[in-house]
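Student: Sequence and predicted structure are below.
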Amino acid sequence: MYSYIRGTLVRRTDETIVVDNNGIGYEIICPFSLSSEFGPCGEEVTVFVYQSVKEDDISLFGFVTQEEKDMFLLLITVSSVGPKGAMSVCAQMKPDKLAMAVMSGDVKSLTSVKGLGKKTAERIILELRDKLKKVGKDSASASIAASSVSVTDQSVFDDATNALIVLGYKEDDARSAVSASYTEGITLEELIKSSLKKMAR
C-alpha cells in the first residue's frame, strides 16, 4: 500500500496527473481542482495517495495534503460512497467545509457537490457525525476541565475538537487549537475555521 509518491510532475489532464519517480510514471486520479495546486509540470511534487484494488481495476487516487487524503478515507467508510464519489467530494469541498457540513447537518452544502444526491448527503451526515461524536468524546470533555478557557457551550467545544481529530489532527493539538480559538458565543463553523487556521500556522 502506498502512502505517498514523490517525483516530477510530467503530465496533467482534467482528471489525472502523471508523476515520474525513478523512471516509472505513476498515473494518478487527481482532478484539476486539486492538481492545480501542485504548480507547473516539471516541478517536484509529493502526492498523498490511496490505492484502490478491485477485481478488474487498480487505481491510485491522489491528494495535495494529508488532510485531503484523511477526508477521502473517512468518506469511503460511508455505505454507498465509493472511491470515485469520495474523490468528487474532495475535489469540490475542503476538509474544513466537509466537517462543518457534517456537524451542522448541512445537506444543502453537500448536495452542491456535482453528482451527490440528497439521500447520499444525508447518509454522509448521519454516519460521519456519529464518528465525530465518538472520536475523542471523553478526552475532549476532560480537556475542558483542564483548560483555562471558560467554556459556556460544551457541545460546540466538543464538536469542534472531535471534528479536528477525525480530520487527522493529533488529539492534543486539536484541543490546544480549539481552546485558543474558543470565545463565548462563537458558532461551531467559526470555531472549526479559526482552529484550522491556528493549526496551519
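Tutor: Okay, I see it.
Student: quick one: contacts for Asn21?
Tutor: With C-beta atoms under 8 Å, 6 or more residues apart in numbering as the criterion, the residues that contact Asn21 are 5-8. Every C-beta, even on glycine, is put in place using the N, C-alpha and C of the backbone.
Student: switch the cut-off to 7 Å
Tutor: With contacts defined as C-beta atoms under 7 Å, 6 or more residues apart in numbering, Asn21 is in contact with 5-7.
Student: can you check Thr46 too?
Tutor: By C-beta under 7 Å, 6+ apart, the neighbours of Thr46 are 4, 6.
Student: hang on, it in a strand?
Tutor: Yes - secondary structure assignment (DSSP: H, G, I helix; E, B strand; the rest coil) places Thr46 inside a strand.
Student: Show me the beta-bridge partners of it.
Tutor: When assigned by DSSP bridges, Thr46 has beta-bridge partners Arg6.
Student: And for the one 5 residues further on?
Tutor: Bridge pairing for Gln51 (DSSP bridges) gives the partners Leu60.
Student: What of Ile24?
Tutor: Here Ile24, judged by DSSP bridges, has bridge partners Asn21.
Student: Can you tell me how far it is from Leu164?
Tutor: Shown here: Ile24 relative to Leu164, a distance of 36 Å by C-beta to C-beta, to the nearest Å.
Student: Check the offset of the helix or strand containing Lys97 from the chain's centre.
Tutor: Applying DSSP states H and E as the criterion places Lys97 in helix 95-104. Relative to its chain's centre, helix 95-104 lies at 9 Å (C-alpha atoms, centre = their mean, to the nearest Å).
Student: got the CA coordinates for it in CSV?
Tutor: The C-alpha atoms that make up helix 95-104 are tabulated as CSV, following Å, rounded to 0.1, in the frame of the first residue of the first chain:
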residue,chain,number,x,y,z
PRO,A,95,-11.8,19.3,4.7
ASP,A,96,-13.0,22.1,7.0
LYS,A,97,-16.1,22.7,4.8
LEU,A,98,-17.0,19.0,5.0
ALA,A,99,-16.5,18.9,8.8
MET,A,100,-18.7,21.9,9.2
ALA,A,101,-21.4,20.5,6.8
VAL,A,102,-21.5,17.2,8.7
MET,A,103,-21.5,18.7,12.2
SER,A,104,-24.2,21.2,11.3
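Student: what packs against that helix?
Tutor: In this structure, helix 95-104 packs against helix 66-75, helix 107-111, helix 118-134, helix 154-166, helix 188-200, with contacts taken as 3 or more C-beta pairs under 7 Å, 6 or more residues apart in numbering; DSSP states H and E.
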